[in-house]
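Visitor: Have a look at this prediction, sequence included:
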Amino acid sequence: MTTLRCLLLSFVWLFIPIVQLFPQTGDLPRVSPSSQGVYPSDIETYFDAMLSCPTGEPHGIMVLRHGKVIGELFPKPFDASYPQMLYSDAKSFVGLAVVLAIEENRLRLTDRVASFFPDLLPDSISDNLASMTVCDLLTMTSGVQPDPLMRTTGADWIRRYLAKPVEKPGETFHYDSMCSYLLSAIVQRVTGQKTLDYLKQRIFNPLHITEVDWEESPEGINTGGWGLRMQVESMAKIGQLLLNKGNWEGKQLISSEWVEEMTSSLQETGMMDTYGYHIWRCDYPNAYRADGALGQYIIVAPDEDMVVAITQANTSNGVAERHLVWDFLRKVKSEPLPDTSGYVQLRKAQSAYSLPTVAIGKRNIRSLSKMANQTFTLGANGLDWKSVRFEPGKDTLRIIVTTATDERYTILAGRGEWLTTHTDAYPPYSIRAVGRFKGIHGPFHVAGCYGGNASELILKVRYTSWGSGADLHFQLTKGQLSLQLKENGKRKAYDVEVSVGE
């Protein structure tokens, strides 16, 4: 018995790190596209187009039809198990939380925003502030002009928002993350739970969404308009829940009437797409989406009974990438198709997809030998790297990074191939809100590859469980080292000052 117990304990301890390294995925059934009326070659063509699109770099794509996965793209070094930062996709989750709270009679669309924050109101309340409603926040018609600096220059966000001038609410669309933040605060006040905890109880747990976290403000509130992080498959589940009109495995988690209303065209935006309750209506017939910066999408197409979840680094307004989805959706058929060898080819392609690595010239990378085992101080840059040190190995390169906040971590890069490691240091993040990263939990995966020639060292870095990344070109000219940096797939690189020594 003692021997058996020891063996069981050994098995448990061996299994625990595996669970931590490979979090929950694979819940949704995988089937051949042909069985769902889609040619496998059309999926492969779509994936190839996304990978070659000049304004985007896909990190994860999952395509569902009739609730089943018919295609998934996770190009190396990305992986289905890695959660991604969803940016403004978070707004649609706040919309879900508000609708759930309304269903539970905890609040109403017509409730006045000021009534939830009597302790944070200015001394004098304008008529427009007094008339602002929950519905106005949901449709981005609060009457408050957006101020992106509000969250970066102080900690009392609600008080500062309520003190701003208010135009007549309910009339003009102004896309503003602070509307979502106030809704998150309202959900917390009426439920007694943070928005994340409330959604875990009502939505995430029933859908078996376990790998999720959400930033918190200095006021202890989930940030609402940004800061949500989850896996692509979890995004697809949320899309399927909406497609099912709130029903999941026979249980009605949200009423179909509220799903219908929140995904309807309720507000003109002055753009090609209209807006619902924190959901965008698409220019494709009867489709809607959650939409986040850099091209994070949950696209729902009810007429085709399809969901497409996407994470990427998109440097445009996303129209080109979304139209690739529309081109693909137009090809689906209503009936199953004959089985073909295309599914075998698609599966091979899915396992082989990779983001481009750095090309290696025929000669050795002599530039690296001149930079080896030295520390270089960097000027201001979007990565918040203060210094880097290069330690070459056999076909590998260790990059020792010191951040602007004096965190220190190592990136391991392969010579012409992606290598991945993890770090407890927070990844580069374009949102510079006060107290950022609170509520976000590591470790974080980071991948690298390198190459170059006699005068240039090229380094690619991708924070694969976050979404940000960069291409760095270190150039040696007459003994002088310079750096050009391109972040998140931006079309243009910019110069960064480089000097020797910390």
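Guide: That came in fine, so what should we check first? Numbers count the residues shown, from 1 in each chain.
Visitor: can you give me the end-to-end distance of stretch 159-179?
Guide: With Cα to Cα, to the nearest Å applied, stretch 159-179 spans 13 Å between its terminal residues.
Visitor: roughly how far out does that stretch sit from the chain middle?
Guide: 25 Å (Cα atoms, centre = their mean, to the nearest Å).
Visitor: now swap in stretch 106-117 and tell me
Guide: 30 Å.
Visitor: for stretch 443-451, same thing?
Guide: For stretch 443-451, the distance to the chain centre is 18 Å (Cα atoms, centre = their mean).
Visitor: before we move on, what about stretch 239-257?
Guide: Remark: stretch 239-257 is offset 23 Å from the chain centroid, using Cα atoms, centre = their mean.
Visitor: Touching that stretch from outside, list them.
Guide: 28, 64, 67, 96, 99-100, 103, 202-203, 206-207, 258-260, 263, 288, 290, 298-300, 302, 305-309 (Cβ atoms under 8 Å, 6 or more residues apart in numbering). Quick note: C-beta positions are derived from backbone N, CA and C, even for glycine.
Visitor: So which of those are in strands?
Guide: If you go by DSSP state E, these have 64, 288, 290, 298-300, 306-309 in strands.
Visitor: between the residues you listed, which is closest to residue 165?
Guide: Relative to residue 165, the closest of these is residue 290; by Cβ to Cβ it sits at 30.1 Å.
Visitor: Show me where the stretch 351-500 of the chain has its helices.
Guide: Taking DSSP state H, counting those that start in this stretch as the criterion, the stretch 351-500 of the chain carries its helices at 366-371.
Visitor: Residue 455: what's its closest spatial neighbour, skipping adjacent residues?
Guide: residue 476 (5.0 Å; Cβ to Cβ, 6 or more residues apart in numbering).
Visitor: what sits against that neighbour?
Guide: 367, 370-371, 455-457.
Visitor: Tell me how far it lies from residue 335.
Guide: To residue 335, residue 476 is 61 Å away according to Cβ to Cβ, to the nearest Å.
Visitor: Could you do residue 258 as well?
Guide: 33 Å.
Visitor: For these two, work out which one has more neighbours and name it.
Guide: Each of residue 258 and residue 335 has its neighbours counted (other Cβ atoms under 10 Å); residue 258 has more, 19 against 6.
Visitor: wait, what's in contact with that one?
Guide: By Cβ under 8 Å, 6+ apart, the contact set of residue 258 is 99, 102-103, 246.
Visitor: any idea how far residue 302 is from it?
Guide: 16 Å.
Visitor: Ok, residue 256 next?
Guide: 12 Å.
Visitor: again, but for residue 319
Guide: Distance from residue 319 to residue 302, by Cβ to Cβ: 21 Å.
Visitor: So between the two, which is more surrounded?
Guide: residue 302 (15 against 12).
Visitor: What is the neighbour count of the closest residue to residue 454 other than its chain neighbours?
Guide: Spatial nearest neighbour of residue 454, chain neighbours left out: residue 366 (4.5 Å); criterion: Cβ to Cβ, 6+ apart. For residue 366, the count of nearby residues is 13 (other Cβ under 10 Å).
Visitor: Go ahead and confirm residue 366 touches residue 392.
Guide: No: applying Cβ atoms under 8 Å as the test, residue 366 and residue 392 come out as separate, 11.5 Å apart.
Visitor: OK, contacts around the residue nearest in space to the middle of the chain?
Guide: Note on the chain: the residue nearest the mean C-alpha position is residue 86, at 2.4 Å, using Cα atoms, centre = their mean. Under the criterion of Cβ under 8 Å, 6+ apart, the contact list for residue 86 reads 228-230, 235, 290, 292, 296, 311.
Visitor: Okay, and which of those residues map to helices?
Guide: Per DSSP state H, helices hold the following members of the contacts of residue 86: residue 235.
Visitor: Could you dump the contacts of residue 86 into TSV with neighbour count, pLDDT and distance to residue 267 added?
Guide: Shown next, in TSV, are the contacts of residue 86 (neighbours: other Cβ atoms under 10 Å; pLDDT from 0 to 100; distance: Cβ to Cβ, whole Å):
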residue	neighbour count	pLDDT	distance to residue 267
228	33	98	22
229	23	98	28
230	24	97	26
235	29	98	24
290	27	98	16
292	28	97	19
296	29	97	21
311	29	97	26
